[in-house]
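K.L.:
coordinates for the following, if possible.
(chains A and B)
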Number of protein chains: 2
Amino acid sequence: MTDPIRLGIAGLGTVGCGVVKIVQRHAAALALRAGRPVEIAAVSARARNKDRGLRLDAYAWEDDPVALARRSDIDVFVELMGGADGPARAATQAALAAGKDVVTANKALLALHGHTLALAAEENGQAIGFEAAVAGGIPVIKALTESLAANRITRVMGVMNGTCNYILTRMQGAGLPYEEVFREAAALGYLEADPALDVGGIDAGHKLALLAAIAFGTQVDFAAVELEGIERITIDDIRQAADMGFRIKLLGVAQMTGRGLEQRMSPCLVPASSPLGQLEDAMNMVVLEGDAAGQIVLRGAGAGEGPTASAVMADVMDIARGRRGPVFGQPAAALAQARPASSSVPAPYYLRMALLDKPGALARIATVLGEAGISIDRMRQYGHDDPAAPVLIVTHKTRRAALNEAIGAMAGTGVLASEPVAIRIEEV
Amino acid sequence: MTDPIRLGIAGLGTVGCGVVKIVQRHAAALALRAGRPVEIAAVSARARNKDRGLRLDAYAWEDDPVALARRSDIDVFVELMGGADGPARAATQAALAAGKDVVTANKALLALHGHTLALAAEENGQAIGFEAAVAGGIPVIKALTESLAANRITRVMGVMNGTCNYILTRMQGAGLPYEEVFREAAALGYLEADPALDVGGIDAGHKLALLAAIAFGTQVDFAAVELEGIERITIDDIRQAADMGFRIKLLGVAQMTGRGLEQRMSPCLVPASSPLGQLEDAMNMVVLEGDAAGQIVLRGAGAGEGPTASAVMADVMDIARGRRGPVFGQPAAALAQARPASSSVPAPYYLRMALLDKPGALARIATVLGEAGISIDRMRQYGHDDPAAPVLIVTHKTRRAALNEAIGAMAGTGVLASEPVAIRIEEV
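P.N.:
Numbering: from 1, shown residues only, chains lettered A, B, ... in the order given. As a prediction, this is how the structure comes out:
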């Protein structure tokens, strides 16, 4: 046994308390596996006197996370406050400046400032561990940076927001409309204070940007992620997709194309029989594709006290064992700036529209698609009570730009009752 | 950049050639990610002049793997020969004695001699990486030793022999009998020279023993694995299991019980809708359960040139980055000897039998089960042309010992046309 490794934990919410519990409960096993004791030296949170059901009196208390980050008696600053800026960023910067290693579950912080923070950390060989920031307990950061270190990564995909997956699978299972399940999710406490972080795809987009940076050796670039939320998905979309053997998922896809780096977080149709299609409830799944390893699928809980704390502690254990590597898998100084490519990879699309009952309406739509060079794979018109007829088209592979053009031209036909909904069908 | 890390590769079969290709193809990326060049210094194989479609002339050649292992110009001995004893063992021992780190894909070697080899390696802080030995490209060793390092592992499960999974899913999909699919698999080159290694569960049992050692902090103990192959599974079992919503898998399960360590590799029924139930073809899947992380499912190719070479190189990259830890996740000297527990965890069972057309036959079987304290959940008797009637029983949870006792007693009833087949139903 050598010297203990001493943690300073900023943030005692669900995850922070989970970390404290693991350190207290598994002290002997952690020491054995790390080769040295793992100890908590100090903690910090907003409310000192809140009852968290934990004994914290053995740890020094700091009201200010920046002061915690600078304490001479901590080796690793564990940032579990959240937020891209404000105290989380200030304290992380302070910790790095004071020579501490950092472990964080903060996807927003890293998606927006990860490159700058990595440069600062690597200058002095310090670590920033962020396994907990992406897909909770699923070891996807380690899989990419270490297990697939000898691969050229060809594609990264994932369902990385459990709340959205809960909403979509609940709509499917119970046949309930979006609004009702959204209210249900809110009542269960599944939604962030700003629900757009979840249902707008922002939270999942942060995670995708981090994975893309590692996978393709580029500077993390959240601004370039094409974001689309699940707010416009109706129960009809879900039913009709199911009818054709698909499921709708909020799916992130990152791939390097000849035209640049494509990063999309948007609702997609995936085969109901695929691992992604079968992912239920609040589970997360990440699919990594490497030129040697092939396709690796990782599934687990993407959030929650235990899973996220487990991932935080995996990073702590690595640091305790003396394992520090470049934050994004190769030196930050060597990471290229990615050229963003907007959905350049062709795909089939699902297209839902409401057609007015006019003679030749369907022919006009088909003509518009044909003129845009888009051919139709399958088409269904459903019976209806409304004045407008629900029509569903699955196209052959096309570029999103061509499809957008066609949708624009459809508006001029005067046969649409509302704006069409287009959802990409992803080959998984 | 610092000094290159120099590999000596023993064995130039599928995996060895795959490793050479990766080092040649991705030299720049490997150097960037490892922080130092990764080079091959010397190789060894049985036939020097065989055309492998690779340029090997830049590497020194050794006919003798032991001589290769001792070369002063290699840092890492990469053992890809296979076999629990003989040259693979001798060369690995020689490499450790000469101060080299070792990377191996050899499950048999480690399942039988892993503890002794780990003790030897750890004496001088050398590494033995064996990610490639278990489930090919799936990063399960790293997930257990590192990602779940802060968890108490509660159970490890997996489908870890692609050939068996191919046979079982092909029987299911094509409705073919075992013998026919076995011949098909042989013709495709899927079977080991000694097929019992595959269909007898030995190969998968080696892998399970390695996972159990890491998961439960015990000395690897292959001899204690309860092994049962897939040779007795009939197409009727597969059909009738499917009929009840199950799939049959050669499933490994390791868990620590109050009575000791349970390690089983045997055909099991799993729900058709579970991730394990949906695993098709030659794919592998490992399920890890931790007290904090919950259930993590890893899926990928369990064999083949690319996936296995990818895993070998992951270990090489770790060593190149200076990341060496205890072989089984905690010091080998601290690993306890496991007390083996024979299938002590109760489970429901599937029971197939052929009943002679005698009055009261079914009643006698039901009575025997009742007397053994085993209650029946579901029972089906199928129409038949044979003199014997196929009868299927699903029991409530029972211990294997009680079931074996009941099966023994059934023999005395005189109503059975053949020995019953019992398959455990695993909760996954």
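
K.L.:
in which helix or strand does the residue in the stretch 201-350 of chain A that chain B sits nearest to reside?
P.N.:
Taking Cβ to the nearest Cβ, chain B has its nearest neighbour within the stretch 201-350 of chain A at A:M313, 3.3 Å off. All C-beta spots, glycine's among them, are computed from the backbone N, C-alpha and C. Using DSSP states H and E, A:M313 maps to helix A:305-320.

K.L.:
just the C-alphas of that helix, formatted as PDB.
P.N.:
The C-alpha trace of helix A:305-320 is given here as PDB (Å, rounded to 0.1, in the frame of the first residue of the first chain):
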ATOM      1  CA  GLU A 305     -27.200   7.400  -8.600                       C
ATOM      2  CA  GLY A 306     -25.500   4.000  -8.800                       C
ATOM      3  CA  PRO A 307     -24.600   3.800 -12.500                       C
ATOM      4  CA  THR A 308     -23.300   7.400 -12.700                       C
ATOM      5  CA  ALA A 309     -21.400   7.100  -9.400                       C
ATOM      6  CA  SER A 310     -19.900   3.800 -10.600                       C
ATOM      7  CA  ALA A 311     -18.500   5.600 -13.700                       C
ATOM      8  CA  VAL A 312     -17.200   8.500 -11.600                       C
ATOM      9  CA  MET A 313     -15.400   6.000  -9.400                       C
ATOM     10  CA  ALA A 314     -14.000   4.100 -12.400                       C
ATOM     11  CA  ASP A 315     -12.100   7.300 -13.400                       C
ATOM     12  CA  VAL A 316     -11.000   7.800  -9.800                       C
ATOM     13  CA  MET A 317      -9.700   4.200  -9.700                       C
ATOM     14  CA  ASP A 318      -7.800   4.800 -12.900                       C
ATOM     15  CA  ILE A 319      -6.100   7.900 -11.500                       C
ATOM     16  CA  ALA A 320      -5.400   6.100  -8.200                       C
END
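
K.L.:
starting at the chain centroid, how far to the helix or strand following that helix?
P.N.:
Under the assignment DSSP H and E, the closest C-terminal helix or strand after helix A:305-320 is strand A:349-356. Relative to its parent chain, strand A:349-356 has a centroid offset of 29 Å by Cα atoms, centre = their mean, to the nearest Å.

K.L.:
in strand A:349-356, what counts as buried?
P.N.:
For strand A:349-356, burial by neighbour count (16 or more other Cβ atoms under 10 Å in any protein chain shown) applies to A:349-355.

K.L.:
got it, and stretch A:204-216?
P.N.:
A:204-216.

K.L.:
quick revisit: reformat the buried residues of strand A:349-356 as CSV; add pLDDT and distance to B:A174.
P.N.:
Supplementary listing: the buried residues of strand A:349-356 in CSV, determined by pLDDT from 0 to 100; distance: Cβ to Cβ, whole Å:
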residue, pLDDT, distance to B:A174
A:Y349, 96, 34
A:Y350, 95, 32
A:L351, 95, 36
A:R352, 92, 37
A:M353, 92, 41
A:A354, 92, 44
A:L355, 92, 44
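
K.L.:
and of these, the nearest to chain B?
P.N.:
For those, the nearest to chain B is A:Y350 (23.5 Å; Cβ to the nearest Cβ).

K.L.:
check contacts around the closest residue to the closest one other than its chain neighbours.
P.N.:
Distances taken as Cβ to Cβ, 6 or more residues apart in numbering or on different chains place A:I423 nearest to A:Y350, at 4.5 Å, with adjacent residues excluded. Neighbouring residues of A:I423 by Cβ atoms under 8 Å, 6 or more residues apart in numbering or on different chains: A:233, A:237, A:241, A:248, A:266-269, A:349-352.

K.L.:
so what strands line up beside whichever strand or helix holds A:I423?
P.N.:
Assigned by DSSP H and E, A:I423 belongs to strand A:421-425. Using DSSP bridges, strand A:421-425 pairs in its sheet with strand A:260-271 (parallel), strand A:349-356 (antiparallel).
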